[in-house]
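Peer 1: Give the three-dimensional model of this entry:
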Amino acid sequence: MKFLQKIPTNLTIIIKQYILSLTIYFIFRLILFGTEINRIDDSVNFIDILHSFLLGFRFDLVVSSYILILPFVLLSINTIAEKDFKLIRKIVFAWCCIFSIGTFLFSIIDIPFFNHFFTRLTYSSFDALKDGNAGWILSMISEEFKYWIFFVVFVFLSILYVVFSKKTIITSVNTSIQYKKKNVRVILNSFFFIIGFALIFFGIRGRFAEKSPIRIGTAYFCNNNFLNQLGLNPNFTLLASFVEYNKNKNKQIHLISDTTAIKYMQLSLGINKHINSLAQTDTNHPLQQVSPPITDAFKGRNLILVIMESMSAAKMKRYGNNNDLTPFLDSIANLSIRNNNNTSNPLVYCFDNMYSTTVRTYGGVFSTLFSNPIVFGKNVMKIVPLLKFSGISDILKQNNYSTIYFTTHDGQFDGIQGFLYHNDFEKIIEQSHYPIADIKTTMGVPDDIMFKNSLKYLNNLAKNKKPFFATYLTGSDHLPYYIPDYFTPKHKDIKFQATNYADWSLRTFLKECEKQNWYNNSIFVFVADHGTAIDVTYKMSLSHYHIPFIILIPNSQNIEPHFINDTIFHNIASQIDVAPTLVSLLGINYLNLSLGIDLFSKLREISVLDGTTSYAAISKNHLLIVNSDLSKNLYHHTTKDRTDYHASECAVADSMDFYARCYLQTSDYILRSKSKLK
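Peer 2: The predicted model follows:
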């Protein structure tokens with residue numbers, strides 16, 4: 001390392017400490033890999049293993065950067081002042097030893113923990129200690145010989161770290177920039193400090209991507225769950241889970257007792273099950289029910305689900321907007337108006353009163369795909385360790401479907417990519433898969449570029465002689481807006497242009513799909529992640545939640561007439577009903593473990609809307625808003641009446657609120673059950 005002798009001491013020390021720490025973390029990861037080597041079979045290629053270790057380097061770099069940023073600042077005082085304060089060196093030495101050896105301890109504890117639970121260390125991993133089982137755990141560990149080997153490795157590496165750190169930090173020779181003029185030296189040292197600090201800061205952030213820092217989901221890149229987790233650093237997962245756990249919105253809610261809530265929701269869903277204990281597992285899920293399909297006419301068809309960014313129903317002419325923003329969506333929706341004797345192609349189902357569960361994209365994606373609501377803004381996709389849900393991807397994969405997900409922007413945003421890989425999506429195509437020239441804003445590539453690029457993937461999947469399930473998340477109808485030069489907008493308002501362009505992209509995509517040989521054997525679905533606050537009649541804007549839900553079946557020949565009769569649905573529907581409805585349409589008999597229902601065969605009377613600190617319940621005629629202070633407002637929303645009817649119709653308000661509280665409490669219980677280590 002002779003080159004280090006020519007740069008300032010603060011940099012040489014930090015570089016050596018990085019190398020030392022990263023080497024030790026690598027050894028721990030190598031040991032973990034060796035203990036789980038039986039999980040590597042012929043289906044795993046060397047490139048994926050290498051990729052996992054490279055991701056591990058990134059996570060190790062994050063942990064090291066957290067530890068070393070303060071020592072770098074302190075050592076820079078010596079460098080810039082051109083003094084060698086021994087006290088600063090001693091403080092840095094103590095800091096590095098205490099915190100680095102602490103992370104080494106968690107890293108070695110993580111190995112047997114992972115061997116047993118198949119998950120990295122998280123804050124919830126220490127529940128047993130909090131429950132007073134520390135003695136039992138220590139006895140169990142002491143009786144296993146290999147755990148002693150791990151402990152010896154930890155002690156040996158810790159001693160090496162102390163010895164090398166002492167030599168690097170305490171006894172190393174002071175070096176500085178060789179330049180005669182002091183002012184120039186100070187400027188250069190300050191410059192190197194700024195550069196060094198910026199690099200360490202980006203080391204902490206873990207990514208240069210604008211939308212999201214490094215997250216747990218960043219480690220998930222394939223369908224091998226061991227390799228996905230191998231790249232994680234247990235200290236990172238421990239810290240991330242601690243931060244998430246201590247967010248107020250992630251605390252357990254207490255709207256009503258779990259038992260009362262679950263019993264009521266079972267009754268509401270028609271589930272005949274008596275609960276003796278709430279200690280349920282997924283094999284005895286409190287909402288478990290067999291959901292038979294409505295038809296088998298479309299069994300084995302490809303399913304293409306487009307989740308449209310911010311596409312409020314209020315943007316469509318069908319729902320009263322006269323700005324001609326969505327001519328394509330309106331044309332598709334209007335195909336649902338048909339005579340009973342008209343069985344010509346295509347067949348369209350339109351659900352006119354569909355509401356999203358939340359106004360956040362992560363919530364829209366989660367609720368659409370996994371039939372569970374968002375509770376007080378809690379992002380389920382960020383919970384550590386990542387949770388597994390029974391959703392449409394899981395159900396279709398079990399029924400021999402290929403699964404793929406497309407998005408315009410950074411897949412790591414809101415933790416979506418890692419969560420979806422963990423939940424049975426086999427391939428995710430996001431911003432990094434596109435040429436840099438196609439990336440126009442932080443929202444990534446324009447919608448039509450994503451759609452055009454996706455066709456090659458769908459054509460390859462179609463060659464596998466089995467159906468595919470493709471999900472798209474669009475991005476162009478969201479700030480910052482970008483309108484391609486080749487699109488001619490009809491409006492001057494950039495917001496209108498963005499919606500018009502997003503709609504045009506859908507039309508272009510469908511036209512291209514018509515040219516593919518798998519088109520007539522497919523079902524297309526158009527829904528939104530959430531709406532836009534266009535109509536602010538009430539404190540919780542209904543247009544922010546009211547979204548389109550349109551099912552297009554290009555080829556509907558030979559479909560039984562009784563199934564075609566009802567193609568327009570006016571009943572209240574929730575985003576969590578999308579997956580059960582689509583699975584039913586595909587002719588699949590499955591076990592439903594959610595609050596979602598098949599809208600073809602069941603009736604929903606109330607949809608619950610999450611407002612992060614408040615919530616609402618909407619029925620055919622009433623809108624109940626429950627504020628953060630638990631005060632209530634009841635409105636007749638169909639006429640946009642601003643009169644608060646809570647006092648005069650308190651029975652209606654209380655009934656709707658009871659349903660909403662049971663719904664939210666049950667959802668929270670299920671989430672808490674999944675979050676606990678089994």
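Peer 1: give me every residue that touches Glu665.
Peer 2: Quick fix: residue 665 is Gln, not Glu. Shown in contact with Gln665 (CB atoms under 8 Å, 6 or more residues apart in numbering): Ile253, Leu255, Ile256, Ser257, Asp258, Ala261. The C-beta positions use only the backbone N, C-alpha and C, and glycine is treated the same way.
Peer 1: how about those in CSV, adding secondary structure and neighbour count?
Peer 2: Supplementary listing: the contacts of Gln665 in CSV, determined by DSSP: H, G, I helix; E, B strand; the rest coil; neighbours: other CB atoms under 10 Å:
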residue, secondary structure, neighbour count
Ile253, coil, 17
Leu255, coil, 20
Ile256, coil, 18
Ser257, coil, 13
Asp258, helix, 20
Ala261, helix, 22
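Peer 1: Out of the residues you listed, which is nearest to Asn500?
Peer 2: Closest approach to Asn500 among the contacts of Gln665 (CB to CB): Ile253, at 40.7 Å.
Peer 1: Quick check, central residue of the chain?
Peer 2: Central residue of the chain (CA atoms, centre = their mean): Ile416, 2.6 Å from the mean position.
Peer 1: Can you classify Ser393 as helix, strand or coil?
Peer 2: Ser393 falls in the helix class when you classify it by DSSP: H, G, I helix; E, B strand; the rest coil.
Peer 1: Check the burial of the closest residue to it other than its chain neighbours by counting its neighbours.
Peer 2: Nearest in space to Ser393, with sequence neighbours left out and distances taken as CB to CB, 6 or more residues apart in numbering, is Asp424 at 4.2 Å. Number of residues near Asp424 (other CB atoms under 10 Å) recorded here: 22.
Peer 1: Next, the contact list for the residue nearest to the centre of the chain, please.
Peer 2: Contacts were defined as CB under 8 Å, 6+ apart; by that measure Ile416 touches Gly217, Tyr362, Val365, Met381, Thr407, Leu473.
Peer 1: Check Ser291 too.
Peer 2: If a contact means CB under 8 Å, 6+ apart, then Ser291 has Pro580, Val583, Ser584, Asn589, Tyr590, Leu591, Asn592, Asp598 as its contacts.
Peer 1: For the third one, which non-adjacent residue is closest in space?
Peer 2: Closest residue in space to Ser584, ignoring its immediate chain neighbours: Asp598 at 4.2 Å, by CB to CB, 6+ apart.
Peer 1: Near that neighbour, how many other residues are there?
Peer 2: Asp598 has 19 nearby residues by other CB under 10 Å.
Peer 1: any idea how far it lies from Asn400?
Peer 2: 21 Å (CB to CB, to the nearest Å).
Peer 1: Can you show me the strands along the stretch 451-600 of the chain?
Peer 2: Counting by DSSP state E, counting those that start in this stretch, the segments of the stretch 451-600 of the chain that form strands are 468-473, 522-528, 546-547, 549-553, 568-574, 590-592.
Peer 1: any idea which of those strands is most buried?
Peer 2: Here the criterion is mean neighbour count by mean count of other CB atoms under 10 Å, and of those the winner is strand 546-547, at a mean of 28.
Peer 1: Does anything pack onto that strand? Which helices or strands?
Peer 2: Judged by 3 or more CB pairs under 8 Å, 6 or more residues apart in numbering; DSSP states H and E, strand 546-547 is in contact with strand 347-355.
Peer 1: Give me the sheet partners of the strand it packs on and which way each runs.
Peer 2: Applying DSSP bridges to the sheet, strand 347-355 is found paired with strand 546-547 (antiparallel), strand 549-553 (antiparallel), strand 568-574 (parallel).
Peer 1: now the angle from the second one to strand 522-528?
Peer 2: Direction vectors for strand 549-553 and strand 522-528, defined by axes from the mean of the first three to the mean of the last three CA atoms, to 10 degrees, enclose an angle of 170 degrees.
Peer 1: How far off centre is strand 549-553?
Peer 2: With CA atoms, centre = their mean, to the nearest Å as the basis, the distance from the averaged C-alpha position of strand 549-553 to the chain average is 25 Å.
Peer 1: quick one: contacts of that strand?
Peer 2: The set of residues external to strand 549-553 that reach it, using CB under 8 Å, 6+ apart, is 298, 329, 332-333, 335-336, 346-351, 354, 523-527, 573, 578, 582, 585.
Peer 1: Tabulate the CA atom coordinates of it in CSV.
Peer 2: Taking Å, rounded to 0.1, in the frame of the first residue of the first chain, the C-alpha atoms of strand 549-553 are listed here in CSV:
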residue,chain,number,x,y,z
PHE,A,549,-61.4,-1.3,-12.9
ILE,A,550,-61.9,-2.6,-16.4
ILE,A,551,-61.5,-6.2,-17.7
LEU,A,552,-61.1,-6.7,-21.4
ILE,A,553,-61.4,-10.2,-22.9
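Peer 1: Now do the contacts for Tyr645.
Peer 2: With contacts taken as CB under 8 Å, 6+ apart, Tyr645 has the following neighbours: His622, Leu634, Tyr635, His636, Val652, Ala653.
Peer 1: quick one: which of those sit in strands?
Peer 2: If you go by DSSP state E, the contacts of Tyr645 have His622, Leu634, Tyr635, His636 in strands.
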